[in-house]
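Chemist: One predicted model, sequence on top.
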Amino acid sequence: MKLTSILIGLFFLFNTNYSNAFRMDERQYIRDNFPHMEEVLTFLNQQLEYECNDCAYGVAKKQTGYYLTMYNYSTKKTEEVPIWKPELNGFTAFDIDDYVDLTKVRSANSSDLNNLYNFRAKYDFMLVFGYEEWAADAIKIISSYAPFLSNEDREIMARANGYLALDIIENRISGKEFLPRKYAKIKQERVDLFMDKVNLIMDFWTEIKKDDESYRPLIISELNLKIGNEYMHYYNLLISIKEEKLADDFLKRAYFSPSQVQSAKNLLYGCPEKSFLFTQGDSDTFPLWYVQKKLDYRKDVIVLNTSLLYTHWYVQMNKERRQYTSIIDQKNYGKLLNKGQYIDRGSQVEPFSQWLTNKLTLTDSLSYSLVPESFMIPFQGSNLEIKLKGPSVGQNAFIILDLIASNPDREFNFASPFQLYSLGLVDNYLSRGKSFLMTNTPISQHSDQESIDLLDNLLFYMDYKYLASLNNTASSELNLLTYGIAELANTFDTDRERMLQKFIKQVPTTSLIEIGNFGHLEIVNSLYADQLPYQSQLLKKELKTAALDRIKKITSLNKTFDQDISDMEELFSIYAGVRIQWLQYEEVVIKNADKDVLIAIKEKVDSLQENPVVLQREWTHLKLVAMKVALDGLDLSQE
């Protein structure tokens with residue numbers, strides 16, 4: 001009897017262990033079986049007939065499938081309906097009649113799903129995403145498989161814990177109205193919880209690097225750059241809660257490669273003394289803070305990230321720490337942030353500071369606010385007229401204009417010319433290497449002798465090894481250098497020719513091809529086609545074999561299919577001599593030597609266009625249609 005009991009017990013123990021060992025891995029099931037986010041958005045684009053009524057559409061990716069969400073602006077609550085179920089392995093019908101406005105027919109080009117499309121890579125990478133509890137759910141799923149985690153798992157854990165760390169520091173509590181955080185100390189209990197999360201996050205990134213230094217993270221695909229950015233991100237957040245000692249510890253642990261350090265120094269080098277510099281993303285901001293704070297380089301320049309200028313604490317923190325003048329602070333900024341700001345076309349020009357002061361003192365019950373189309377701002381001895389672009393204006397633009405108006409004797413640099421364009425200052429700049437210096441009047445020639453000196457400085461460091469080590473940020477470096485050379489005034493023709501020859505010597509085409517980034521090659525070829533046509537033909541000839549091989553390997557089943565489409569678009573630009581979107585404005589004659597690659601692209605596009613996978617991805621399909629139309633309009637017959 002005892003023996004029988006023992007055997008039965010061993011049988012159940014073995015059976016249980018066998019089942020656990022071979023149970024389905026939920027992580028892999030989601031990765032292998034859930035549809036791509038673009039497929040989900042394509043389904044919704046076909047099904048949604050009407051606009052959401054006082055609400056916004058969204059998508060939640062959960063363990064139980066995909067859901068369409070409706071966030072109600074009035075109640076601040078989110079409702080959801082299932083749209084894809086794992087048990088069906090397919091999409092399912094849904095009813096949202098109670099949530100739609102039957103008087104507003106939804107356009108296929110509505111911004112709601114287009115905005116979500118920009119986050120498709122994150123939805124596809126994360127196991128769950130797009131709803132309030134996603135981070136906790138992701139951690140729960142992956143923790144059940146510890147310690148047997150892949151580097152993708154570790155990155156998800158780092159990102160999910162990063163989201164929860166922000167919840168702690170911002171004091172975001174489920175079910176309660178969120179109040180914008182100020183620049184101030186927080187309770188020690190929250191600091192301790194925040195530090196526990198942040199140290200765990202950095203441990204995950206350290207484990208990834210220890211396991212595989214060549215690992216490519218999501219979005220920022222260079223691991224050391226991502227880790228350096230993370231350290232500086234948390235350094236900045238700790239400064240924002242006035243935890244200077246903890247922040248200094250993160251600064252000490254931060255590291256950027258020599259090429260990233262030099263790239264950051266090149267940007268700061270072109271800025272006048274004690275000037276402002278407006279940046280946009282992580283990788284053009286965090287390395288700057290690093291070289292300023294840790295390496296004591298050009299600490300006089302006030303670097304402001306325009307994305308962070310939407311937050312109360314960042315506005316106040318910099319105002320106090322950098323001691324500059326402005327009307328807006330964390331006490332009154334809410335009056336601008338709480339409403340949509342729409343441009344009142346045809347309105348009269350108004351003095352900006354006076355308008356802003358009145359705006360911040362008046363109160364009304366409207367959910368939106370009208371902004372004059374044009375402002376007058378005193379700047380460096382002149383009255384500068386600002387004419388805003390677009391139907392609306394971001395609140396961070398008011399911060400920039402406030403700083404210009406309140407500090408008229410200071411100088412202002414922008415890391416991107418598009419920031420100047422949005423302010424209507426299309427011609428109010430001088431090229432300054434990697435930045436654009438705002439001028440008090442429009443000018444026809446955007447270069448001077450200082451522009452030459454700063455381009456020479458960029459060119460000094462520019463070679464293929466430097467570009468290869470910069471990885472995905474190299475495109476920005478190349479863009480700025482080649483644009484600066486191409487836009488030199490005619491009076492600097494000799495300097496332009498000298499720079500072009502030096503660039504060809506330092507960055508040979510064969511080396512660029514070895515790097516394997518067609519975006520880099522497109523940038524360089526654009527310069528050559530404009531300035532040195534023979535060099536463009538040489539580049540295309542040397543690239544041809546690699547281009548044809550790349551096109552041949554493209555299939556809709558590739559994990560890198562998004563990048564495949566981008567590569568074909570870039571190769572089209574190289575061999576057609578014009579980007580697809582500009583083809584309708586230019587007359588193009590294709591040389592016989594360039595037709596083979598364009599014919600290969602055309603054949604690949606034709607084979608993909610009616611592919612079942614592609615037909616389920618509307619945005620990809622539209623890109624292929626645009627390529628086909630462009631290619632059909634070219635004379636590719638062999639003479």
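Modeler: Structure's in. What do you need? Numbering: from 1, shown residues only.
Chemist: you'd agree Glu477 is up against Leu470?
Modeler: Yes: counting by CB atoms under 8 Å, Leu470 is a contact partner of Glu477 at 6.0 Å. No exception for glycine: its C-beta is placed from N, CA and C like everyone else's.
Chemist: what touches both of the two?
Modeler: Ser263 (CB atoms under 8 Å, 6 or more residues apart in numbering).
Chemist: And the strands in the stretch 51-200 of the chain, which stretches?
Modeler: Assigned by DSSP state E, counting those that start in this stretch, the strands in the stretch 51-200 of the chain fall at 55-62, 65-72, 78-85, 90-91, 100-105.
Chemist: Centre of the chain to the third one, how far?
Modeler: Read that as strand 78-85. In terms of CA atoms, centre = their mean, to the nearest Å, the centre of strand 78-85 is found 28 Å from the chain centre.
Chemist: do the same with the first one
Modeler: For strand 55-62, the distance from its own C-alpha centre to the chain's C-alpha centre is 21 Å (CA atoms, centre = their mean).
Chemist: And that strand, what's buried?
Modeler: By 16 or more other CB atoms under 10 Å, the buried positions in strand 55-62 come out as 55, 57-62.
Chemist: can you tell me which of the strands of the stretch 51-200 of the chain the model trusts least?
Modeler: The minimum mean pLDDT among the strands of the stretch 51-200 of the chain belongs to strand 100-105 (a mean of 91).
Chemist: Buried residues, the longest helix along the chain. List them.
Modeler: Under DSSP state H, the helix in the chain containing the largest number of residues is helix 188-211. The neighbour-count check on helix 188-211 (16+ other CB under 10 Å) flags 191, 193-195, 197-198, 200-202, 204-205, 208-209 as buried.
Chemist: What of stretch 602-618?
Modeler: Those would be 602, 604-605, 608, 611, 614, 616-618, for stretch 602-618 by 16+ other CB under 10 Å.
Chemist: Kindly report the same for stretch 432-447.
Modeler: Judged by neighbour count using 16+ other CB under 10 Å, the buried positions of stretch 432-447 are 432-439, 446-447.
Chemist: Listing request: residues of the protein with sub-threshold pLDDT.
Modeler: For the chain, the stretches flagged by pLDDT under 70 are 1-23, 108, 174-178, 639.
Chemist: Domain boundaries for it, per the record?
Modeler: Per automatic domain parsing, the structural domains of the chain span 31-223, 260-438, 508-632.
Chemist: Can you say which of those is nearest to Asp463?
Modeler: Asp463 lies closest, by CB to CB, to one member of the domains of the chain: domain 508-632, at 8.2 Å.
Chemist: now do the same end-to-end measure for the closest one.
Modeler: Domain 508-632 has an end-to-end distance of 33 Å (criterion: CA to CA, to the nearest Å).
Chemist: now stretch 364-380
Modeler: Stretch 364-380 has its terminal residues 35 Å apart, counting by CA to CA.
Chemist: Likewise for stretch 579-592?
Modeler: End-to-end for stretch 579-592, by CA to CA: 19 Å.
Chemist: which residues are in contact with that stretch?
Modeler: Residues outside stretch 579-592 that contact it (CB under 8 Å, 6+ apart): 537, 569, 572-573, 575-578, 598, 626-627, 630, 633-636, 638-639.
Chemist: how near is Ala184 to Phe194?
Modeler: Distance of Ala184 to Phe194, given as CB to CB, to the nearest Å: 14 Å.
Chemist: Relative to Thr306, how far out is the spatially most central residue of the chain?
Modeler: In the chain, the residue lying closest to the centroid (CA atoms, centre = their mean) is Gly281, at 6.7 Å. In this view, Gly281 and Thr306 are 9 Å apart by CB to CB.
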